[in-house]
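**Student:** pasting a predicted model and its sequence here:
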Amino acid sequence: MSDFQRPTLCCCRKVLSIPNNKSENSMPAMGQSPPVDIASASNFHSFTLRHFHLSLQLNFRDKEMTGRQVLELCSTKPDTRTLVLDTHQSLLIHSIDCKVHSASGDQVCTSLTYRIDPFTDYGSSLNISLPAAIRPQHTFQIIIRYKTTDGPAIWWLDSELTCGNSKPFVFTQGHSVCNRSFFPCFDTPAVKCTYSASVRVPEGVQVLMSATRSAYSAHEKAFQFHMEYPVPAYLVALVAGDLTPADIGPRSRIWAEPCLLNAAVSKLSGLVERWLTVAESLFGPYMWGRYDIVFLPPSFPIVAMENPCLTFIISSILESSEFLVIDVIHEIAHGWFGNAVTNATWEEMWLSEGLATYAQRRITTEAYGSAFTCLETVFRLDALHRQMRLLGDNNPVSKLQVKFEPGVNPSSLMNLFTYEKGYCFVSYLSQLCGDTKRFDSFLRAYIEKFKFTSVVAHDLLEFFLGFFPELKERCVANREGLEFERWLNACGPPLAEPDLSQGGSLTEPVESLFRLWTSEPLDSAAIAQQDLSTWRTFQTVLFLDKLLDRSPLSHEVMTRLSRSYSTLLDSMNAEVRIRWLQIVVRNSYYPDLCKVRRFLESHTSRMYTVPLYEDLCGGTMKSFAVEVFYQTQARLHINLRRTVQQILAQTFSAFVTVPTAPPSGDRPPDTAIALRDVNVLA
């Protein structure tokens, strides 16, 4: 998933750690024990899931999906008499049947008994009693009829919350463990299978899914989908609403609400094919056929999601061109790293995100040069070190292989370390082999060997040492201070970082201007020589982030900053403006407070709203925060509204009442560190 420097995931909770246990953490793909996924209640080790089909009816008025699911399974162990699937408290089961061939070859349909047991606050276990006729290695079908209600995977939007305000909208967001509220499943990245779907909606509504083939059947009045390659449950995605297509390349299409389509096309036309071609030259053929993009309303809780064949991306990012470029390229990189080869457990998400971040930067280096890539990397690593200072060197969330206790939502593991510490480890591996092009060849071979499977760190590192036997002979895995085991399991910052000096032409002006603004006395003449209007977006946000780190600033400095830059920054994109407004709030600079109000009135996405409310409530502007919230809350999605209400309630204990409706997937954070300080990524 694409990353940005503010909190975006709906399940941002404090990470609990447990002692390292290798036997539970590593599952080499060949010949060793399967992975343990404590986030799944299912008994997926006892079955092979060959395929599943969904028949869905979408009811926008009642905000419900009626579903019929057919799973094709075979038992891998004798005497297995119970099938356990992951489900959710919000998913209502109507009936479960089984179809199995008897010894005589006749197909027998049996109604099954089942029970639902509590598992965690993010899911339940569906325990299905199987008939005695089921034999190991013989395929049988389970048919489940169900209905969804208010679950964390399914986001219903009234028309007022869309960009065009014309029709209601719905989308799903499965990462990490939300899709168990969309359909019963083995909700673990260790299990992959193909799927198909048939979806019925009211006339005039367009439906899309993360599938390799799609069509509309006029006879059945349904949209038909088929994913011909195996994917984990979290990558099954659906969106439906007032969506219009436009081709932007030979294998790419943009889908967006009509009012957004021209802007999206103008930003990306011709570029996606260029990026795909570069990626293929580095990592081998793109194997998913199409690469389409759908732009979602601002209520989308993260920046982007790498659903195969159909990237979901928030429409708010359209105004920030450089961030849009990085986000889309990152999702393209997931076509190889994350989607084709997937982390087998959520405790090793870096295998998807760290490798995808490395691949993203290889693509941007080839497409835009080393200086731009180094600038973006400096910006991200600067945020990583900021997070490290806040968390402390011994915080277990800074491990690449983060351990978590049963009941902790895996989404709480999503942080900058998953991306940037993972990226630094992959960069270190590239440095060991001594040649970037040779490392590209290794990554191509890695994809070819493990595509459409799920792996653990042992698989990657064993294959790396086998690909470079001279490195194995030199025992690089045990090099003192840089041991692979230490990279994976030690707390703290990366053990080594790549050389980013090629970005000096872009980063040095930022450092120079920052020093000028934080030195006494201020050198106005030298400051005036730096023209921010000529800078790249990543230069400007890096500069503003550094000022945020230095806050509080003196009133004199704030006054002169405002006189120098406020009007200019106000004309820039939201990624720039949000940072300037955070500086305004953290420094209680009241002359620019009106701009904070205007920004919150016009921006309703979580990525911009939550940081400002956290800052407002963390300083002297709590009453202002309440006033603005009550004026704008009707334009916020109910999940975001709950989050902001919780922020306000924590500040004004009993002053604000949090709704008593059942919580959805976007829950307030349960953490001792403020959202504004923990840069969770999408």
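**Tutor:** Yep, it's here.

**Student:** alpha carbons of stretch 433-448, as PDB, please.
**Tutor:** Taking C-alpha atoms only, stretch 433-448 is exported to PDB below (Å, rounded to 0.1, in the frame of the first residue of the first chain):
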ATOM      1  CA  CYS A 433      26.000  -8.200  -4.200                       C
ATOM      2  CA  GLY A 434      27.900  -5.100  -5.400                       C
ATOM      3  CA  ASP A 435      25.900  -4.400  -8.500                       C
ATOM      4  CA  THR A 436      22.300  -3.000  -8.800                       C
ATOM      5  CA  LYS A 437      21.700  -4.800 -12.100                       C
ATOM      6  CA  ARG A 438      22.800  -8.100 -10.600                       C
ATOM      7  CA  PHE A 439      20.400  -7.500  -7.800                       C
ATOM      8  CA  ASP A 440      17.600  -6.800 -10.300                       C
ATOM      9  CA  SER A 441      18.400 -10.200 -11.800                       C
ATOM     10  CA  PHE A 442      18.100 -11.800  -8.400                       C
ATOM     11  CA  LEU A 443      14.700 -10.100  -7.900                       C
ATOM     12  CA  ARG A 444      13.500 -11.400 -11.300                       C
ATOM     13  CA  ALA A 445      14.500 -14.900 -10.300                       C
ATOM     14  CA  TYR A 446      12.900 -14.600  -6.900                       C
ATOM     15  CA  ILE A 447       9.600 -13.600  -8.500                       C
ATOM     16  CA  GLU A 448       9.800 -16.400 -11.000                       C
END
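
**Student:** what comes into contact with that stretch?
**Tutor:** With Cβ atoms under 8 Å, 6 or more residues apart in numbering as the test, stretch 433-448 has contacts from 282-284, 336-337, 340-341, 355, 359, 362, 429-430, 460, 463-464, 467-468, 471. C-beta here means a position set from N, CA and C on the backbone, and glycine is covered the same way.

**Student:** out of those, which sit inside strands?
**Tutor:** In strands, defined here by DSSP state E, the members of these are Val341.

**Student:** pull up the pairing partners for whichever strand or helix holds Leu126, direction included.
**Tutor:** Counting by DSSP states H and E, the element that carries Leu126 is strand 123-129. Applying DSSP bridges, strand 123-129 is found paired with strand 82-87 (antiparallel), strand 114-120 (antiparallel).

**Student:** chain center to that strand, what's the gap?
**Tutor:** 27 Å (Cα atoms, centre = their mean, to the nearest Å).

**Student:** mind listing what's buried along that strand?
**Tutor:** 123-128 (16 or more other Cβ atoms under 10 Å).

**Student:** can you put those residues in CSV and add distance to Ser519?
**Tutor:** Shown next, in CSV, are the buried residues of strand 123-129 (distance: Cβ to Cβ, whole Å):
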residue, distance to Ser519
Gly123, 54
Ser124, 59
Ser125, 61
Leu126, 63
Asn127, 67
Ile128, 69
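
**Student:** could these go into a markdown table alongside pLDDT and distance to Asp150?
**Tutor:** Formatted as a markdown table, the buried residues of strand 123-129 follow (pLDDT from 0 to 100; distance: Cβ to Cβ, whole Å):
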| residue | pLDDT | distance to Asp150 |
| --- | --- | --- |
| Gly123 | 97 | 15 |
| Ser124 | 98 | 15 |
| Ser125 | 98 | 20 |
| Leu126 | 98 | 18 |
| Asn127 | 98 | 23 |
| Ile128 | 98 | 24 |
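
**Student:** identify the farthest-apart pair in those.
**Tutor:** The span of these, defined through Cβ to Cβ, is set by Gly123 and Ile128 at 15.7 Å.

**Student:** buried residues in stretch 600-608?
**Tutor:** Quick answer for stretch 600-608 (16+ other Cβ under 10 Å): 600, 603-608.

**Student:** among these, which are in strands?
**Tutor:** Using DSSP E to define strands, no part of the buried residues of stretch 600-608 is located there.
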